[in-house]
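[1] show me how the following folds:
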Amino acid sequence: MTAEKKGNTDRSGTEEQLDQAQLIEETGSVRSQNAKHLIHCLTIIGQVEGHNILPEDTKTTKYEHILPALVAIEQDRSIQGLLILLNTMGGDVEAGLAIAEMIAGMKTPTVSLVIGGGHSIGIPLAVCADRSMIVPSASMTVHPVRTSGLVLGVPQTVVYFEKIQERINHFILQHSRISAEDLSRMMLNTQELATDIGTVISGAEAAACGLIDQIGTLHDAIEALYHLIETREPRYPE
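    Reported below is the predicted structural model:
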């Protein structure tokens with residue numbers, strides 16, 4: 001290899017590393033280049049930020065970053081699969097459901113892995129993938145929709161919250177194996193949370209009740225994603 005070619009290769013490698021670092025910093029996403037299959041890793045961490053900007057000291061995932069990234073991933077022929085890493089406390093209902101619906105509507109093979117926690121609106125984000133997994137030490141908090149701040153004390157407000165809850169429940173039931181009775185029981189539990197109603201379940205409990213497909217590790221998630229890639233027809237055949 002000539003000095004000129006070696007220099008070009010070094011610059012190319014450096015530029016690729018800088019691009020990768022910028023991608024991680026700006027979106028929390030990364031692509032594995034030297035792998036059996038090219039997969040895109042998408043992280044949803046902290047609080048899902050919706051129409052309102054959260055304080056600077058709050059770790060957030062901005063939905064306006066995630067939505068166009070999903071469109072690009074679905075169109076990119078070089079990306080063969082999407083791995084979603086979840087460690088979220090929940091957040092904006094409409095923003096979370098928007099991301100979940102986008103992922104559920106992708107032909108790109110998808111696997112989600114809950115690490116740490118997948119609470120509140122993080123539950124639809126966990127179950128929206130083709131295959132959902134959770135590490136044994138993770139937990140998930142199942143609770144009804146609620147809000148803080150000023151609300152109008154009229155019957156219409158109650159109806160509005162009920163309709164939001166129906167949308168969330170329908171999505172969860174459609175994309176997981178949990179029964180409507182178990183989901184309702186967990187949401188309306190008054191014996192477990194000190195200042196709220198709901199249920200905190202461990203990774204094993206989430207898998208046992210059918211909310212999550214299985215207990216798994218990072219290796220298990222990648223292997224499951226590889227299997228989906230190898231057994232599914234290409235989304236954009238030549």
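[2] how far away from the center of its chain is stretch 88-95?
    On the basis of CA atoms, centre = their mean, to the nearest Å, stretch 88-95 sits 11 Å off its chain's mean C-alpha point.
[3] so what touches it?
    The set of residues external to stretch 88-95 that reach it, using CB atoms under 8 Å, 6 or more residues apart in numbering, is 44-52, 60-61, 63, 96, 117-122, 125, 141, 145, 164, 168. To be clear about C-beta, it is placed using only N, CA and C from the backbone, and glycine gets the same treatment.
[4] apply 7 Å and report the result again.
    With CB atoms under 7 Å, 6 or more residues apart in numbering as the test, stretch 88-95 has contacts from 44-51, 61, 63, 117-122, 125, 145, 164, 168.
[5] what residues are up against the most centrally placed residue in the chain?
    Centroid check for the chain by CA atoms, centre = their mean gives Leu125 as the closest residue, at 4.1 Å. By CB under 7 Å, 6+ apart, the contact list for Leu125 reads Ile44, Leu86, Thr88, Gly96, Ile99, Ala100, Gly118.
[6] name the member of those with the most neighbours.
    Gly118 (31 neighbours; other CB atoms under 10 Å).
[7] now Gly90, which residues is it bridged with?
    Gln47 (DSSP bridges).
[8] just give me the neighbour total for it.
    By other CB under 10 Å, the residues close to Gly90 number 20.
[9] so what touches whichever strand or helix holds Asp220?
    Using DSSP states H and E, Asp220 falls within helix 218-231. With contact meaning CB under 7 Å, 6+ apart, helix 218-231 is reached by Lys36, His37, Ile39, Gln80, Gly81, Leu83, Pro109, Val111, Leu113, Asp130, Arg131, Met133.
[10] so how far is that helix off the chain centroid?
    What separates the centre of helix 218-231 from the centre of its chain is 17 Å, taken as CA atoms, centre = their mean.
[11] again, but for stretch 202-215
    Distance of stretch 202-215 from its chain centroid, counting by CA atoms, centre = their mean, is 16 Å.
[12] and if you look at stretch 177-184?
    Worked out by CA atoms, centre = their mean, stretch 177-184 lies 20 Å from the chain centre.
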